[in-house]
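1. Here's my sequence, what's the structure:
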Amino acid sequence: MTSPQIPASDPVLVAPETWLIPNLAAAGPGQYLPVNSLLVRGSEPIIVDTGAPVHRQRWLDQVFSLVDPEDVRWIFLSHDDGDHIGGLADALAMCPSATVVTNFFATERLSLERSLPIRRLRWLEPGDSFLAGDRRMRLVLPPIFDGPTTRGLFDEHTGVLWGVDSFAAMTTGSVRRRDDVPEDLYVESFALLNSLVSPWHQWLDPARYRRHVDSVADLHPDTVATAHGPLLTGDAIGDAFDRVRAMAAAPRVMPPGQAALDELVAATVHGPAVA
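-> Numbers count the residues shown, from 1 in each chain. Have a look, this model is predicted:
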């Protein structure tokens, strides 16, 4: 995290009272994987996911530079993957008035490594919503997901959709929006990352899957923020949904294998050999 090769990432205002909390992980020469979360300040501030453990202190600094932890009323946990719960324990301790919005299965899975305060939980499912002061937040099942506990979030007040792991793509650094990413990098990395996170797309019935994707697109979000991709606005939103629709019954995009690992190992700089 202290490597000068990883550009600094400051919070980005994406809608009124709504900030993307961006961080980056190195993913190759000049390429980075976004590791984002969201803060909706409003009259009842909402933290949407809590970052990755490797970014923990920076994530805490970013979020609580924008909101007093005593004011936070909600922590929305999209799912229990490690890169979404890195600051959860800290947020729970620092935000005593916050209720955690999650679901039964996420709570059960998390109980294997940590205890969540049962009296501070609310279990909701796609189609449910909760009122956070001046806005209603609707839970959705995103088009792409890698686990059974995943839930997206739509802010009916601003039209911002938290797509969780959907629409992932590499960036070239501290770029924020789809138009800032080189076309070839976006197209190639979008295909790879979305296939990696949901390899089940190869077995989907295209018509049935299209209905699901359409149900999310029909929310007509003004901005789509995701955990692992650039911000989507305007035509980039429809393009991303089209790319996901086209994945149904398409072959899996194969990830790098042993040959690539051998190259990485060979390129690793080792210490001097011991005589």
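2. Residue 204: how many residues sit nearby?
-> 16 (other C-beta atoms under 10 Å). All C-beta spots, glycine's among them, are computed from the backbone N, C-alpha and C.
3. Now the phi/psi pair for the spatially closest residue to it that is not a sequence neighbour, please.
-> Using C-beta to C-beta, 6 or more residues apart in numbering and skipping residues adjacent in sequence, the residue nearest residue 204 is residue 248, 4.2 Å away. In terms of degrees, to the nearest 10, the main-chain angles of residue 248 are phi -60, psi 120.
4. Does residue 248 touch residue 209 like I think?
-> Yes. Using C-beta atoms under 8 Å, residue 248 is in contact with residue 209, at 4.1 Å.
5. what's the overlap in contacts for the two?
-> Shared contacts of residue 248 and residue 209, defined by C-beta atoms under 8 Å, 6 or more residues apart in numbering, comprise residue 201.
6. Quick check: residue 161 is in a helix.
-> No. Using DSSP: H, G, I helix; E, B strand; the rest coil, the assignment for residue 161 is strand, not a helix.
7. Does it touch residue 220 like I think?
-> No. Under the criterion of C-beta under 8 Å, residue 161 is not in contact with residue 220, lying 9.4 Å apart.
8. more crowded one of those two?
-> Using other C-beta under 10 Å as the criterion, residue 161 and residue 220 rank with residue 161 on top: 27 against 9.
9. Quickly list what the more buried one is bridged to.
-> Beta bridges link residue 161 to residue 154, residue 224, judged by DSSP bridges.
10. and the nearest residue to residue 223 once chain neighbours are set aside, how many neighbours does it have?
-> Take residue 223 and drop its neighbours on the chain: the residue closest to it by C-beta to C-beta, 6+ apart is residue 160, 4.8 Å away. Applying other C-beta under 10 Å, we find 25 other residues in the vicinity of residue 160.
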